[in-house]
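need a structure here:
(one chain, ligands or ions: 1)
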Amino acid sequence: MGVIRSHVAGVGAYLPSRVVSNEDLAVRLDTSDAWIRERTGIRERRIAADGELTSDLALAAAQDALRAAQVRPASIDMIVLATATPDETFPATATTVQARLGMTRGFAFDVQAVCSGFVYALSVADNFIKAGQAKTCLVIGAETFSRILDWNDRTTAVLFGDGAGAVVLEAGTGQGSSADRGILSTHLFSDGRQHDLLYVDGGPSKTRTTGFLRMEGREVFRHAVVNLTEAIDTALQTNGVSADDIDWFVPHQANQRILDATARKAGVHPSRVVSTVAHHANTSAASVPLALATAVGDGRIKPGNLVLLEAMGGGFTWGSALIRW
Ligand code: UT7
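Presented below is the predicted three-dimensional model:
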């Protein structure tokens, strides 16, 4: 039976030019390159320039993805932008990107699921395509987490970076089997009871300020491995495939130890794991599309490959997506 499938037509990325190493941070914080590398795998991160906004990063990644897909902005029906660091409280940063792409039709909105944002946005776009309400979608993950970090808190300041990634989705068809090209499934989860383990201590309604990121790292780590394993198992079972069938595992890039533990529990061989955490650190909603763009750009991900995405973040929120490239 023929079904609608969302095909990935192109992937793009953008990183701010300023590189901040662990040594740079150790100059002003009670930390060390050795501690950060051993505990997280992070070596460096990019930090946006003064005045460089989430929309600037998102626009550059979007243009890169549109070039790769050979799609003109005028063909886009919908932009979904995942971010926890919007330019302003409103309007949605997605509408700023829409205007700057020169789009005069379609619609654009933001999705807020913190580090799971890209998987959520991908799921939203996939469902709009499957419902027949959009044919060409731009899905972006873009963050300037440097703006919500407490730069005096060594337990969080060393973990995050800025960046953006994007994919263009186009409506296609398939047979309804796991051999189809395109997004085969998305699964989303959340548990609002875990608010206090990872949150920002400000917001327009609560404090009229932006606030700073607060995290109980050890607890988040523990939940992350359990939750991500659940999301991965659900994706594999739904599609009747096994971990051995996964060509590339593209996880959220929070900590190399979480990547390793999750891949091990899921049964994915380490050589199949795409890791960018050493150079990007945790870029929240941008991390999965940035890792995708890296592995597509260097030729690892090829047409026909089975690609498994997952992410977990504040809320808690978490999810997975299985894609036949
Ligand atoms: O994107 C989704 C959300 N984020 C995550 O998934 C992050 C999840 N958590 C983690 O990645 C890890 O828990 C961290 C990297 C945050 C921390 O690693 P850990 O192995 O869980 O360390 P810990 O929190 O147990 O801290 C160990 C020690 C503590 O000292 P004491 O109490 O043992 O004396 C910390 O104070 O390391 C200390 N510490 C640091 N030392 C040097 C914490 N941060 C630093 C630092 N430099 N930057």
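
Which residue comes closest to Asn255 once chain neighbours are left out?
Ranked by C-beta to C-beta, 6 or more residues apart in numbering and with sequence neighbours excluded, the top spatial neighbour of Asn255 is Thr40, at 4.7 Å. All C-beta atoms are positioned from the backbone trio N, CA, C, and that covers glycine.

isn't that neighbour right up against Arg257?
Yes - counting by C-beta atoms under 8 Å, Thr40 does reach Arg257; the two are 7.2 Å apart.

Just want to know which of these two has more residues nearby.
Neighbours were counted for Thr40 and for Arg257 using other C-beta atoms under 10 Å; Thr40 has more, 21 against 16.

if I look at the more buried one, how far off is Phe160?
Look at Thr40 and Phe160: by C-beta to C-beta, to the nearest Å, they are 11 Å apart.

Need the residues touching each of these two.
By C-beta atoms under 8 Å, 6 or more residues apart in numbering, Thr40 and Phe160 have these common neighbours: Ala281.

May I have the phi/psi pair for the residue nearest to Asn255?
Torsion angles at Thr40 (phi, psi; degrees, to the nearest 10) stand at phi -130, psi -20.

any idea of the pLDDT on it?
At Thr40, the model reports a pLDDT of 98.

Report the secondary structure state of Val80.
strand (DSSP: H, G, I helix; E, B strand; the rest coil).

Relative to Ser177, how far out is the nearest residue to it once chain neighbours are set aside?
Once flanking residues are discounted, Val80 sits nearest to Ala121: 4.2 Å by C-beta to C-beta, 6+ apart. Per C-beta to C-beta, Ala121 is found 25 Å from Ser177.

Settle it for me: which of those two has more neighbours?
Each of Ala121 and Ser177 has its neighbours counted (other C-beta under 10 Å); Ala121 has more, 31 against 12.

So the residue nearest to Val80 is in contact with Ala108, correct?
No - Ala121 is beyond contact range of Ala108, at 11.4 Å (criterion: C-beta under 8 Å).

Please enumerate the shared neighbours of those two.
Residues touching both Ala121 and Ala108 (C-beta under 8 Å, 6+ apart) are Val80, Leu81.

The residue nearest to Val80 sits in which helix or strand?
helix 117-130 (DSSP states H and E).

Next one, pLDDT for Met1 please.
For Met1, pLDDT reads 71.

coming back round to it: so what's the residue nearest to Asn255 up against?
Contacts here follow C-beta under 8 Å, 6+ apart; on that basis Thr40 touches Val158, Leu159, Asn255, Gln256, Arg257, Val277, Ala281.

On the three-state scheme, the nearest residue to Val241 once chain neighbours are set aside is what?
Excluding the flanking residues, the one nearest Val241 by C-beta to C-beta, 6+ apart is Ser178, at 5.5 Å. On the three-state scheme (three-state DSSP), Ser178 is labelled coil.

surely Ser178 meets Leu184?
Yes - under the criterion of C-beta under 8 Å, Ser178 makes contact with Leu184 at 5.8 Å.

buried stuff in stretch 151-158?
Of all the residues in stretch 151-158, those buried under the rule 16 or more other C-beta atoms under 10 Å are Arg154, Thr156, Ala157, Val158.

of all of the stretch 151-300 of the chain, which residue lies closest to the ligand?
As assessed by C-beta to the nearest ligand atom, the ligand sits closest to Gly217 within the stretch 151-300 of the chain, at 2.6 Å.

I'd like the average pLDDT over stretch 158-173.
On average, stretch 158-173 scores 98.

and that stretch, how far from the chain's centre?
Between the centre of stretch 158-173 and the centre of its chain there are 6 Å (C-alpha atoms, centre = their mean, to the nearest Å).
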